[in-house]
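Engineer: sharing a sequence plus its predicted fold:
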Amino acid sequence: MDRKILFDILKKKIFAVILFESILDVFLVFVAVFFMTIFFPIKMYVPILTAVIIGLISFVIRYRNISLYMVEDRYPHLREILRTCADNIEVDNNVVKVLFTDLKKRLSFVSNFSFLNKRQVVFKVVILCSMAFLIILTSSFKLQIMDIPDKISGFSIFDDDSPQDGIVKKLGKISLQSNVDTDLEESDTVIDILSSGTELSFEEEKEAKDLDFNDLEADSASYVSEKTFYETEFSEDDETTIKNYFDKLNR
Amino acid sequence: MTDEIDKIKNLEKLKETFMSVSTEMEKAVVGQKKAVQHILVAILCNSNALLESVPGLGKTLMIKTIAKTLDLKYSRIQFTPDLMPTDIIGTYLIDEVHGKKEFRFEKGAIFANVVLADEINRATPKTQSALLEAMQERQVTVGNKTYELSPPFFVLATQNPIEQEGTYPLPEAQTDRFLLKINLDYPSFDEENKIVDMMTKDGSGSRVNPMMGEKSIMLLQKLTRQVPIANDIKRKAVEIVLETRNKKDLIEWGASPRASIGLVMAAKAKALIEGRKYVSLEDVKEMAVPILRHRIILSFEAERKGFTTDDVIEKIAK
């Protein structure tokens, strides 16, 4: 009898079990790696790919390790007949032929799922459920340890290089109403404050430093006195706007 | 008989065949099931057996019943000190045919399928060797002519263990030619009751029906050789025999390779009788005792400790 026929019968029986165990491994690996995405910024395709690769490897290794010893372990009373058949594969006589037929009949009564390692399967299912529960738990309590980028991205202040640009995006283009000409029509928010200092450009300031300050005749309209600056009162709306702005900065 | 051969060829109903033989034998022989099984093993292995028992245990009845059940030609030779080789193998006689004298070969008692050599240790070594040579060669040479012994051929030689005075015990080299040595024991109380019932009533001596024939036996002998054995079980059989040579503290002389061959063959025959088509480890362990008990010599130390050959063999075979 061809050895292959004996192994084919065995492989068919064990195939379903191996497939089931490999699928379980896939789910287990997926859940484990997915759990790590909570703590680390991992893309979604990573757990899927890892699980599939490990599942495939596990399936191939299990399939290649199919042997008659697996049946012997589960069915000790078939041990002698199995070993006799295995050692007499090449022998061709009536008794051996009948023996192989007998073995085939006995193997047909062997249950597929008797090859399942029940303890291991139960253990894996328990781990799977525990990890799934942990994932749900951490998601519901928002126990996000490393989600600062996510939090910040809500305010979007750090989305770009310049914080000021972020502010502009949130509050819109702000114009500081002062003596400096601004294009008020383009502004979304106008804060009516008086500038506390000169509105000289850097070059002008440098020039002023180089020259004697007293020699400059500053335009009276370009600055206000200290007294005026501290005693000027802002409107309630302006105050609210500024307060909200600093609140968001501090958050 | 054709049905019987078909059944045997079928292989699935072998166990039924042997069970029917055993049932038929129980009509005449009470108990001694192991001994009957061992005799059947020896027949299937195309070999011979040595039977040792005290008188009156039904040795002659047993072998006679086996011969009838298997439908084989039976012959009994009572060995005595004055028995000559020609009494066993045959001789030429001068006969007158049509006024002319010519030699005619008169076949001896050995020309049968089943031969009971009763009390073989009582005959002289010369007579013993004539039988043993015929057993080995399956032929008889008288003068310059050779006569084949028709198959199947089986010799059951018996020995009486108590009357050793004036006997010629078979040397170990000769006992080695017997496949197994069967020890008969006294029957149990119930068995003896049954024997008494059977033998003392009117019409005692049940007739047994033939269950097989020569061709069936020869087919079974062929099938016995075809029974497969796993390599690890074969190794175990050889290890047991090797151990008899290595265990010097208990065994002075161990068994020869003939014992390894005999053990594997006997295990195959036993498996076939039980309806299995493969040899199990239990077959080897069980057959080790009758196969080896007449092939080993215990050391003085073992005898001093009160061990029997069976005890030592069981210890090795564990």
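Structural biologist: It's in. Numbers count the residues shown, from 1 in each chain, chains lettered A, B, ... in the order given.

Engineer: please count neighbours and contacts with C-alpha atoms only from this point.
Structural biologist: Will do.

Engineer: could you pick out the residues of the stretch 1-150 of chain A near chain B for me?
Structural biologist: Neighbours of chain B within the stretch 1-150 of chain A, by CA under 8 Å from any CA of the partner chain: A:80-81, A:83-88, A:93-96, A:98-99.

Engineer: pull the number of nearby residues for residue B:99.
Structural biologist: Using other CA atoms under 10 Å in any protein chain shown, residue B:99 has 7 other residues around it.

Engineer: how close does residue B:102 sit to chain A?
Structural biologist: 50 Å (CA to the nearest CA, to the nearest Å).

Engineer: beta-bridge partners for that residue, please?
Structural biologist: According to DSSP bridges, the partner residues bridging residue B:102 are residue B:95.

Engineer: which residues of the stretch 151-300 of chain B lie near chain A?
Structural biologist: Counting by CA under 8 Å from any CA, the stretch 151-300 of chain B sits next to chain A at B:223, B:226, B:227, B:228, B:229, B:230, B:231, B:277, B:278, B:279, B:280.

Engineer: now the element after the longest helix that chain A contains, going C-ward?
Structural biologist: Ordering each helix of chain A by length in residues (DSSP state H) puts helix A:3-36 first. Following helix A:3-36 in sequence order, the next helix or strand is helix A:45-64 (DSSP states H and E).

Engineer: now do the buried residues in that next one.
Structural biologist: A:47, A:48, A:51, A:52, A:54, A:55, A:56, A:58, A:59, A:62 (16 or more other CA atoms under 10 Å in any protein chain shown).

Engineer: surely the first one and residue A:26 touch.
Structural biologist: What that stands for is residue A:47. No. Between residue A:47 and residue A:26 there is no contact under CA atoms under 8 Å: 9.8 Å.

Engineer: quick revisit: who does the longest helix of chain A touch, helix- and strand-wise?
Structural biologist: helix A:45-64, helix A:94-108, helix A:118-140 (3 or more CA pairs under 8 Å, 6 or more residues apart in numbering or on different chains; DSSP states H and E).

Engineer: how about 7 Å then?
Structural biologist: helix A:45-64, helix A:118-140 (3 or more CA pairs under 7 Å, 6 or more residues apart in numbering or on different chains; DSSP states H and E).

Engineer: how about the helices in chain B?
Structural biologist: B:2-10, B:14-25, B:33-44, B:59-69, B:85-89, B:125-137, B:172-175, B:189-200, B:214-226, B:231-246, B:257-273, B:281-292, B:300-304, B:309-317.

Engineer: need the ones you listed in a markdown table (columns: mean neighbour count and mean pLDDT).
Structural biologist: A markdown table is the format used below for the helices of chain B (neighbours: other CA atoms under 10 Å in any protein chain shown; pLDDT from 0 to 100):
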| stretch | mean neighbour count | mean pLDDT |
| --- | --- | --- |
| helix B:2-10 | 15 | 62 |
| helix B:14-25 | 18 | 85 |
| helix B:33-44 | 22 | 93 |
| helix B:59-69 | 21 | 90 |
| helix B:85-89 | 19 | 90 |
| helix B:125-137 | 17 | 87 |
| helix B:172-175 | 13 | 82 |
| helix B:189-200 | 13 | 89 |
| helix B:214-226 | 19 | 92 |
| helix B:231-246 | 18 | 95 |
| helix B:257-273 | 24 | 95 |
| helix B:281-292 | 22 | 95 |
| helix B:300-304 | 14 | 92 |
| helix B:309-317 | 17 | 93 |
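
Engineer: for the ones you listed, which one sits closest to residue A:131?
Structural biologist: helix B:231-246 (47.8 Å; CA to CA).

Engineer: which residues are contacting the closest one?
Structural biologist: A:87, B:251, B:253-255, B:259-260, B:263-264, B:281, B:284, B:316-317 (CA atoms under 7 Å, 6 or more residues apart in numbering or on different chains).

Engineer: CA-only coordinates of that helix in PDB, if you can.
Structural biologist: The C-alpha coordinates for helix B:231-246 follow below in PDB (Å, rounded to 0.1, in the frame of the first residue of the first chain):
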ATOM      1  CA  ASN B 231      10.800  -3.400  14.200                       C
ATOM      2  CA  ASP B 232      10.800  -2.400  17.900                       C
ATOM      3  CA  ILE B 233       9.000  -5.600  18.800                       C
ATOM      4  CA  LYS B 234      11.400  -7.700  16.800                       C
ATOM      5  CA  ARG B 235      14.300  -5.900  18.600                       C
ATOM      6  CA  LYS B 236      12.700  -6.700  21.900                       C
ATOM      7  CA  ALA B 237      12.600 -10.400  21.000                       C
ATOM      8  CA  VAL B 238      16.300 -10.400  20.100                       C
ATOM      9  CA  GLU B 239      17.100  -8.400  23.300                       C
ATOM     10  CA  ILE B 240      15.400 -11.000  25.500                       C
ATOM     11  CA  VAL B 241      17.400 -13.800  23.900                       C
ATOM     12  CA  LEU B 242      20.600 -11.800  24.200                       C
ATOM     13  CA  GLU B 243      19.900 -11.100  27.800                       C
ATOM     14  CA  THR B 244      19.900 -14.800  28.500                       C
ATOM     15  CA  ARG B 245      23.600 -14.800  27.400                       C
ATOM     16  CA  ASN B 246      24.500 -11.700  29.300                       C
END
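
Engineer: pull the distance from it to the chain's centre.
Structural biologist: 23 Å (CA atoms, centre = their mean, to the nearest Å).

Engineer: also stretch B:192-211?
Structural biologist: 24 Å.

Engineer: for stretch B:179-196, same thing?
Structural biologist: 17 Å.

Engineer: and if you look at stretch B:155-168?
Structural biologist: With CA atoms, centre = their mean, you get 15 Å for stretch B:155-168.

Engineer: break the chain down into its domains, please.
Structural biologist: Using chain A. Chain A breaks down by automatic domain parsing into domains covering A:3-146, A:154-250.

Engineer: please refer instead to chain B.
Structural biologist: B:2-226, B:227-318.

Engineer: right, and those domains - which one's nearest residue A:21?
Structural biologist: domain B:227-318 (33.0 Å).

Engineer: which non-adjacent residue is nearest residue B:62?
Structural biologist: residue B:29 (6.2 Å; CA to CA, 6 or more residues apart in numbering or on different chains).

Engineer: any idea how far chain A is from the one you found?
Structural biologist: 31 Å.

Engineer: among the domains of chain A, show the one with the smallest mean pLDDT.
Structural biologist: Of all the domains of chain A, the minimum mean pLDDT falls on domain A:154-250 (a mean of 59).

Engineer: and the residue of the stretch 1-150 of chain A nearest chain B?
Structural biologist: Of the residues in the stretch 1-150 of chain A, the one nearest chain B is residue A:84, at a distance of 4.2 Å by CA to the nearest CA.

Engineer: got a list of what that residue touches?
Structural biologist: B:228, B:229, B:230, B:278.

Engineer: can you pick out the most distant pair from those?
Structural biologist: Going by CA to CA, the pair spanning these furthest: B:230 and B:278, at 8.0 Å.

Engineer: state the pLDDT value of the residue with the largest distance to the centre of chain B.
Structural biologist: Most distant residue from the mean C-alpha position of chain B: residue B:99, 45.6 Å away (CA atoms, centre = their mean). What the model reports for residue B:99 is a pLDDT of 85.

Engineer: before we move on, what about residue B:205?
Structural biologist: 58.

Engineer: for the nearest residue to residue B:96 once chain neighbours are set aside, the count of nearby residues, please.
Structural biologist: With CA to CA, 6+ apart as the criterion, residue B:96 has its nearest non-adjacent residue at 6.2 Å, and that residue is residue B:102. Using other CA under 10 Å, residue B:102 has 12 other residues around it.
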